[in-house]
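Enquirer: pasting the structure only:
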């Protein structure tokens, strides 16, 4: 992780300021919340293109002990207007959530932190930092109207962890559709899909590449079968635009993820970086007419491209309408199903 310039800084006779940056996992819906204690700078800091918000926070106890015991740091966060209490209510006090501490020299942070976007001390380098420290929230130690305190422990000490980490289920796929594990529409060695021999992915998506043709809903009801939605063709219309009212049967639109971070209330940027989140595809099954119909709610006019999470749903996408040279991306374990003798 460290670079040659970083290693040289460790032995530099002129000391440089070390800054600490924190990341706290708030769950799948809200993602990572990035912040720093505001000791070096009271303003927000940008590191590796990501914003770390300045918060009244105290984190200590990271030092390793000589007797071999794992450190158990404490994290104390100001409970401004009861914000932390509100976050904890729906997240089981964040127990089991990941906490990451990053440390680097001030001179290696992004140029955007300095006047005129110019770093006068060194070339910004996100890789020039100490090894990240990862901990798990073990428990909430205190909570009042002023602050909330957590006890952190090493992942090696965490109780209640499941081994193996993946829960083994016979007939259900735990992967996130179009996301990690599944990666439908993202696989480079997935042959170009064809729909009933009439259309190809290139025809539908054009220069956007093979984004994974929508094929069925979450009940495996097929879009292009007579006993399904009986579509004969589909047309890619890009991102959904609520000002457009002339969507017709067969149109395909994308709705981009927009995850609001509850802990950023009152700040100008309330959205987390969603580059690694999956897009949502919707297919028009009935002409919209003269008024806009939101795909998320107007089920009479739109159907969501979703997977049934079954082996059949996986076959529809990777076998029946396309060929994936590495087999199916099914995340279940059919072989563990009980047999009757």
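Expert: Received, thanks. Note that this is a predicted model, so its numbers are computed, not measured. Numbering: from 1, shown residues only.

Enquirer: residues touching residue 21, list them.
Expert: 34-36, 45, 47, 52, 101-104 (C-beta atoms under 8 Å, 6 or more residues apart in numbering). Backbone N, C-alpha and C define where each C-beta goes, glycine included.

Enquirer: one more: residue 85?
Expert: 79, 143, 148.

Enquirer: ok, longest strand in the protein?
Expert: Counting residues, the longest strand in the chain under DSSP state E turns out to be strand 133-143.

Enquirer: for stretch 50-64, buried residues please.
Expert: In terms of neighbour count (16 or more other C-beta atoms under 10 Å), stretch 50-64 has its buried residues at 51-55, 57, 59.

Enquirer: which one of those residues is nearest to residue 219?
Expert: residue 51 (40.8 Å; C-beta to C-beta).

Enquirer: for the host helix or strand of the closest one, what does the pLDDT average out to?
Expert: Using DSSP states H and E, residue 51 maps to strand 50-54. Taken as a whole, strand 50-54 has a mean pLDDT of 90.

Enquirer: may I have the strands that pair with that strand, each with its orientation?
Expert: Looking at strand 50-54 with DSSP bridges, its partner strands are strand 32-36 (parallel), strand 45-47 (antiparallel).

Enquirer: parallel or antiparallel, which strands does the helix or strand just after that strand pair with?
Expert: Tracing the chain past strand 50-54, the next element assigned as helix or strand by DSSP H and E is strand 57-60. Using DSSP bridges, strand 57-60 pairs in its sheet with strand 74-78 (antiparallel).

Enquirer: would a markdown table of the buried residues of stretch 50-64 with distance to residue 334 be doable?
Expert: Formatted as a markdown table, the buried residues of stretch 50-64 follow (distance: C-beta to C-beta, whole Å):
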| residue | distance to residue 334 |
| --- | --- |
| 51 | 44 |
| 52 | 44 |
| 53 | 46 |
| 54 | 50 |
| 55 | 47 |
| 57 | 47 |
| 59 | 45 |
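
Enquirer: relative to residue 242, which of the residues you listed is nearest.
Expert: Checking the buried residues of stretch 50-64 one by one against residue 242 (C-beta to C-beta), the nearest turns out to be residue 51, at 28.3 Å.

Enquirer: quick one: that closest one and residue 35 touch, right?
Expert: No: with contacts counted by C-beta atoms under 8 Å, residue 51 stays clear of residue 35, the gap being 9.4 Å.

Enquirer: ok, of the contacts of residue 85, which come out buried?
Expert: Applying 16+ other C-beta under 10 Å to the contacts of residue 85 flags 79, 148 as buried.

Enquirer: any idea which helix or strand in this structure has the lowest mean pLDDT?
Expert: Using mean pLDDT, DSSP states H and E, helix 4-10 stands out as the lowest-scoring helix or strand of the chain, at a mean of 62.

Enquirer: give the next helix or strand downstream of that one.
Expert: strand 18-25.

Enquirer: how distant is that next one from the center of its chain?
Expert: Here strand 18-25 is found 18 Å from its chain centre; the criterion is C-alpha atoms, centre = their mean, to the nearest Å.

Enquirer: and that strand, which residues are buried?
Expert: Buried residues in strand 18-25 (16+ other C-beta under 10 Å): 19-25.

Enquirer: what separates residue 99 from residue 158, distance-wise?
Expert: As judged by C-beta to C-beta, to the nearest Å, residue 99 and residue 158 stand 12 Å apart.

Enquirer: more neighbours, these two?
Expert: residue 99 (20 against 14; other C-beta atoms under 10 Å).

Enquirer: show me how far the helix or strand in which that one is found is from its chain's centre.
Expert: Using DSSP H and E, residue 99 sits in strand 98-105. Put simply, strand 98-105 sits 19 Å off its chain's centre (C-alpha atoms, centre = their mean).

Enquirer: got the angle between it and strand 74-78?
Expert: For strand 98-105 against strand 74-78, the angle by axes from the mean of the first three to the mean of the last three C-alpha atoms, to 10 degrees is 90 degrees.
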